[in-house]
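> Following is a predicted model, sequence given first.
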Amino acid sequence: MSPKNTWDFKVGGITVIELVHVSKDFGKGRQEVHAVKDVSLSIGKGEIFGIIGFSGAGKSTLVRCINLLERPTSGSVTVDGQQMMQLSAKGLRQARKRIGMIFQHFNLMPSRTVFGNVAYPLRGSGLKSREIADKVQGLLELVGIGDKAGVYPGQLSGGQKQRVAIARALANDPSVLLCDEATSALDPQTTKAILRLLKQLNEKLGITVVVITHEMAVVKEICNRVAVMEHGQVVEQGEVFSIFAAPEQTVTRNFIRTTSNLRKIDELIAADSPITALNPGEIIVRLSYIQKNVSEPLISTVSRKFHITMNIIYADIEIVQDAPVGGTVAIISGEQEQIESAMKYLREKNVCVEVIKSEYAGKE
Amino acid sequence: MQEFLNNWIPNVMGKLPAFYEAIGDTLLMVAWSGVITFIIGLILGVLISVTGQGAILENRFVYQVLDKLISLFRSIPFIILLTWVMPLSRAIMGTAIYVRGAIVPLVFGAVPFFTRQVESALAEIDPGLIEAALSMGCGPIDIIFRVYLRESVAAIARGTTITAVSLLNLTAMAGVVGAGGLGDFAVRYGHDRNMVDVTNVTVVVLVIMVCVLEFVGSLVVKKNTHER
Ligand SMILES: Nc1ncnc2c1ncn2[C@@H]1O[C@H](COP(=O)(O)OP(=O)(O)O)[C@@H](O)[C@H]1O
Ligand SMILES: [Mg+2]
């Protein structure tokens, strides 16, 4: 296992969800689909764990295997120390109460008010109606819609509907919250607000959150770790920062590309934009930070040290998991030898240096 | 007023007791067969919905048997069904005539229709709701009552109205086996004895009954619809 697959769980390193060699096939014979293939994951208590992949990668099937909405064809699923596959029908229903789930299209009951929806899973919980009313009101306040109890879902915005769904999912005090594309039907601002809410709940309640998405921006926003899925398999997993900084798989790179402006330079060069026009002896480089400790003023240091000028075309540095990730695209001019040494120096400092366009005769 | 009616609808006025009895018989037939059809059809409709492919109590055998039986009975013209189930009617109700004798054939005629209505009402429910309920640890009985039935009240009310109206139609034919009712009244006097006013008044009464049924139906639908 590479070092980036290890993770010091925030709360004492307790594993809450453990999938071991989980596979799920649909259909038979020629129509057989291997939706999930031999996936092993362990998700720690208090983590926000992302599962990212393009449509059809098997993400939904995989999360549905966690609460056994989909029974794996093979493998084992453990949640909160319980072997899910070995539970009786009744035991499974009991276990599901401890696993909240929210969906892309909210799945609220249109005939019930917001109150009725959140109270729905509390029936049979042994609470008196007074206690249910208090609990529901408390949950609605927790998710920021304390004033909507008497309203029907049809009268709410998407973001408000998802808040109701979250309150409902939390009604039985679950230890895990599964979110299947929970923000995919929402606009960017609402998405941010919902993600913030999920993070708050994670911090406040210590609830473990599993986030399924096809958007890297979502992962970047709230996840501690992420698994990348392709064709039913987890092809890469690790801390979000490491994945962003040094993606190993093509799919992962493609996902990161969708969120990074650093890739725009390729388009600009392809379009022969004037800002990418070079004088002889100049090169364009992309510097990407792949380690958490990049905090030195590297650019001014190399400029001084090697007597070169670095003209930054643009920079795209973001803070992911409290460390900068991203980098800079710059035009370097100076003596060819000096440029070479500068690049060598940067690489030694663990900066990934890519020459994307060069105007000097020799090779890089 | 009395005089006016005597002039306009002399034949009806001359048979008022029989006319009232016919109205009463029709209402009795619709009410009894309606209630029984509602209960049986609801149960069968739920059963066929929850045993379908991918449903919460998937069961190929139960589904196929129900599906075929419903199709079979739906394809039998009511007038034939009426005579076909006569022995059964005699066994259950003790008679194959009068209002009592009409209930069994009416139920046989309406149940398959209403079952399909219920089935399509339940099919309208967003499968996401079932999935959400399952994820919350709800069992099948809970889901049937608190999701399937609860969320389809409006659609079932619509199906019930349509079924009640078609039952009203069927009662007219049940007159053939001596069940009485408005249909029988209209045919016996209006048609056989050429008393046009009898037919006209019967039509008016039937139209009013249909309007009342549809009004009540739409009230229930409206009260149970909360979409924007
Ligand atoms: N109930 C099902 N029956 C048959 N095939 C399914 C079923 N559910 C999912 N699949 C197939 O499994 C694959 C993965 O689907 P899914 O888990 O929904 O992917 P994702 O959520 O990543 O878009 C797809 O090819 C899909 O068609
Ligand atoms: Mg999906």
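Received the coordinates, thanks. Numbers count the residues shown, from 1 in each chain, chains lettered A, B, ... in the order given. Ligands and ions are numbered 1, 2, ... in the order given.
> all contacts plus neighbour counts: C-alpha atoms, from now on.
OK.
> Next up, the contacts around the residue most central in space within chain A.
In chain A, the residue lying closest to the centroid (C-alpha atoms, centre = their mean) is residue A:219, at 2.0 Å. Residues in contact with residue A:219, defined by C-alpha atoms under 8 Å, 6 or more residues apart in numbering or on different chains, are A:50, A:52, A:211, A:213, A:226, A:240.
> residues in the stretch 101-250 of chain A within reach of chain B, list them.
A:101-102, A:105, A:107-111, A:121, A:152-155, A:169 (C-alpha under 8 Å from any C-alpha of the partner chain).
> Tell me how far the closest residue to ligand 1 within chain B lies from residue A:69.
Nearest residue of chain B to ligand 1 (C-alpha to the nearest ligand atom) works out as residue B:54 at 8.1 Å. Per C-alpha to C-alpha, to the nearest Å, residue B:54 is found 12 Å from residue A:69.
> Quick check on the two: which one has the bigger neighbour count.
residue A:69 (16 against 9; other C-alpha atoms under 10 Å in any protein chain shown).
> tell me the secondary structure for the more buried one?
Secondary structure, DSSP: H, G, I helix; E, B strand; the rest coil: residue A:69 is coil.
> what's it sitting at in phi/psi?
phi -60, psi -30 (degrees, to the nearest 10).
> didn't it look like it was pressed against residue B:136?
No - in this structure, residue A:69 is not within contact of residue B:136 by C-alpha atoms under 8 Å, at 10.5 Å.
> I'd like the distance from the longest helix along chain B to the chain centre, please.
Of all segments of type helix in chain B, defined using DSSP state H, the longest is helix B:16-50. Distance of helix B:16-50 from the chain centroid (C-alpha atoms, centre = their mean, to the nearest Å) equals 5 Å.
> So for stretch B:136-144, mean pLDDT?
Per-residue pLDDT over stretch B:136-144 has a mean of 96.
> How about residues contacting it?
A:92-97, A:99-101, A:121, A:169, B:46, B:56-57, B:130, B:133-134.
> repeat for stretch B:53-73
B:44, B:47-52, B:108-109, B:112-113, B:115, B:140.
> Neighbour-wise, which one of these leads?
Counting by other C-alpha under 10 Å, top hit in these: residue B:115 with 29 neighbours.
> Ramachandran coordinates for the closest residue to chain A within chain B?
Residue of chain B nearest chain A, by C-alpha to the nearest C-alpha: residue B:137 (4.1 Å). The phi/psi pair for residue B:137 (degrees, to the nearest 10) reads phi 80, psi 20.
> per-residue confidence for whichever residue of the stretch 51-200 of chain A sits closest to chain B?
For the stretch 51-200 of chain A and chain B, the shortest gap (C-alpha to the nearest C-alpha) falls at residue A:93, measuring 4.1 Å. If you check residue A:93, the pLDDT there is 96.
> Who's the closest spatial neighbour of it, skipping the chain neighbours?
Closest residue in space to residue A:93, ignoring its immediate chain neighbours: residue B:137 at 4.1 Å, by C-alpha to C-alpha, 6 or more residues apart in numbering or on different chains.
> For residue A:67, see how far away that neighbour is.
Taken as C-alpha to C-alpha, the span from residue B:137 to residue A:67 is 10 Å.
> okay, and the common contacts of these two?
The contact lists of residue B:137 and residue A:67 share residue A:96, where a contact means C-alpha under 8 Å, 6+ apart.
> Neighbour count: those two, which is higher?
Set side by side, residue B:137 and residue A:67 show more neighbours around residue A:67, with 29 against 24, by other C-alpha under 10 Å.
> ok, back up a step: now, the contacts of stretch B:136-144 that are in helices?
Short answer: the contacts of stretch B:136-144 in helices (DSSP H) are A:92, A:93, A:94, A:95, A:96, A:97, A:169, B:46, B:130, B:133, B:134.
> Quick check: residue A:340 vs residue A:278, distance?
For residue A:340, the distance to residue A:278 - C-alpha to C-alpha - is 17 Å.
> quick revisit: pull out the buried members of the ones in helices among the contacts of stretch B:136-144.
A:92, A:93, A:95, A:96, A:97, A:169, B:46, B:130, B:133, B:134 (16 or more other C-alpha atoms under 10 Å in any protein chain shown).
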